[in-house]
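K.L.:
Give the three-dimensional model of this entry:
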Amino acid sequence: MDRRIFIKQTSMLASVTLMQPALLFKEKFRLGLQLYSIREAIAKDVRSTMKQIAGYGYKEVETYGFNNGYWGLDAKVAKKILDDNNLTSSSGHYDLDKYLVNNSTEDDLKRYVDECIEGAHTLKQDYIVWPWLHPSLRGIEKFKLVAATLNKIGEQIKKGGLQLAYHNHDFEFTEQDGQIGYDIILNETDASLVKLQMDLYWVSYASKLKPHEWFVKQPGRYVMWHLKDMDKVTRDYEVMGEGSIDFTTIMPDAKLAGVKHMFVEQGGNFKPDALSCVARSAKYVQQVLFK
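P.N.:
Numbers count the residues shown, from 1 in each chain. Next up, the predicted model:
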């Protein structure tokens, strides 16, 4: 009797697997936060701020503003603060675009990338993200320069044991003579050297294509997402779940996109303050998106 029950249960499980594989193999994500969201609190007291966000349920963070350290602290000290609060950091935003302006040399850029690699290793990060483009770099020909530079430093970063990724805003989707910068980034960079971090707010704000349509273009390349909602009236930043973007329709594309990390971000429009906003966002993501 026990053997017959076992065979029956095994057959039922196999049937469910065939019909609904997503239910059995659903990706589990660690709740992440882009620390730029709480930059003012960090500037006042980084230690107590990290303790607070850990209390909200965040498990990993994405850094910003590297300058031979983080938050004005040595990288080893920053790592200790994260460790003390059971926080990891898989990714960081690094100011790479500044070396394509201000008369910097290739050696200046190479030296800074090496510093970034060293800092990222100290924090045990996997990704170095190019997060921003100076306004002078947003023409079509400049996007081609950016793409070539991404390939070059992507190779340097890969040799350093890490992965480069590019983060979008709205200006990549501005049409210029029938072209957009984002297509140049996608098509003129080596997918093995340059991954993509999709900011779902900015894609929803500025792109003619929906996130799903971008994922279909290059499946598996969108290794990180920024979870950022949009105010229903002003289209400004908003707390997750309180805005106009329906993230429940985007989450099923996580496997198609290739996403490995998701970071909540809110750049402004804090009501009443940044910490309470990221606390509410954490609750929504945990209860609705990561359930």
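K.L.:
buried ones in stretch 70-88?
P.N.:
70-71, 75, 78-79, 81-82, 85, 87 (16 or more other C-beta atoms under 10 Å). Every residue, glycine included, has its C-beta placed from N, CA and C.
K.L.:
and what of stretch 43-54?
P.N.:
Buried, per 16+ other C-beta under 10 Å, within stretch 43-54: 46, 49-50, 52-54.
K.L.:
cool, and stretch 236-243?
P.N.:
In stretch 236-243, counting by 16+ other C-beta under 10 Å, buried: 237-241, 243.
K.L.:
element containing Lys144?
P.N.:
Assigned by DSSP states H and E, Lys144 falls within helix 140-159.
K.L.:
now that helix: mean pLDDT?
P.N.:
Regarding helix 140-159, the rounded mean pLDDT is 98.
K.L.:
Tabulate the buried residues of stretch 43-54 (a markdown table), appending pLDDT, secondary structure and distance to Ile180.
P.N.:
Output for those, formatted as a markdown table (pLDDT from 0 to 100; DSSP: H, G, I helix; E, B strand; the rest coil; distance: C-beta to C-beta, whole Å):
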| residue | pLDDT | secondary structure | distance to Ile180 |
| --- | --- | --- | --- |
| Val46 | 98 | helix | 38 |
| Thr49 | 98 | helix | 37 |
| Met50 | 98 | helix | 38 |
| Gln52 | 98 | helix | 39 |
| Ile53 | 98 | helix | 35 |
| Ala54 | 98 | helix | 39 |
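K.L.:
Make CSV out of these and add distance to Gly181.
P.N.:
As requested, the buried residues of stretch 43-54 are arranged in CSV below (distance: C-beta to C-beta, whole Å):
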residue, distance to Gly181
Val46, 35
Thr49, 35
Met50, 35
Gln52, 37
Ile53, 33
Ala54, 37
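K.L.:
out of those, who's nearest Val194?
P.N.:
Using C-beta to C-beta, Ile53 comes nearest to Val194 of those, at 29.4 Å.
K.L.:
Next one: the closest one relative to Leu200, how far apart?
P.N.:
21 Å (C-beta to C-beta, to the nearest Å).
K.L.:
mind listing which of the buried residues of stretch 236-243 are in strands?
P.N.:
237-238 (DSSP state E).
K.L.:
Tell me which two in the buried residues of stretch 236-243 are the farthest apart.
P.N.:
Once C-beta to C-beta is applied, the buried residues of stretch 236-243 give Tyr237 and Gly241 as the farthest pair, at 13.2 Å.
K.L.:
quick one: common contacting residues for the two?
P.N.:
Common neighbours of Tyr237 and Gly241, using C-beta atoms under 8 Å, 6 or more residues apart in numbering, are Asp229.
K.L.:
Mind jotting down where the helices sit in the stretch 1-150 of the chain?
P.N.:
Here the stretch 1-150 of the chain has its helices, by DSSP state H, counting those that start in this stretch, at 2-19, 21-24, 39-44, 46-55, 75-84, 106-122, 140-159.
K.L.:
Now do the helix or strand that the longest one is followed by: everything it contacts.
P.N.:
Going down the chain from helix 140-159, the next helix or strand is strand 163-167, by DSSP H and E. Contacts made with strand 163-167 from outside it, assessed by C-beta under 8 Å, 6+ apart, are listed as 91, 93, 126-132, 150, 153-154, 157-158, 185, 189, 193-197, 199, 223-224, 226.
K.L.:
Let's see that with 6 Å instead.
P.N.:
127-131, 154, 157, 185, 194-197 (C-beta atoms under 6 Å, 6 or more residues apart in numbering).
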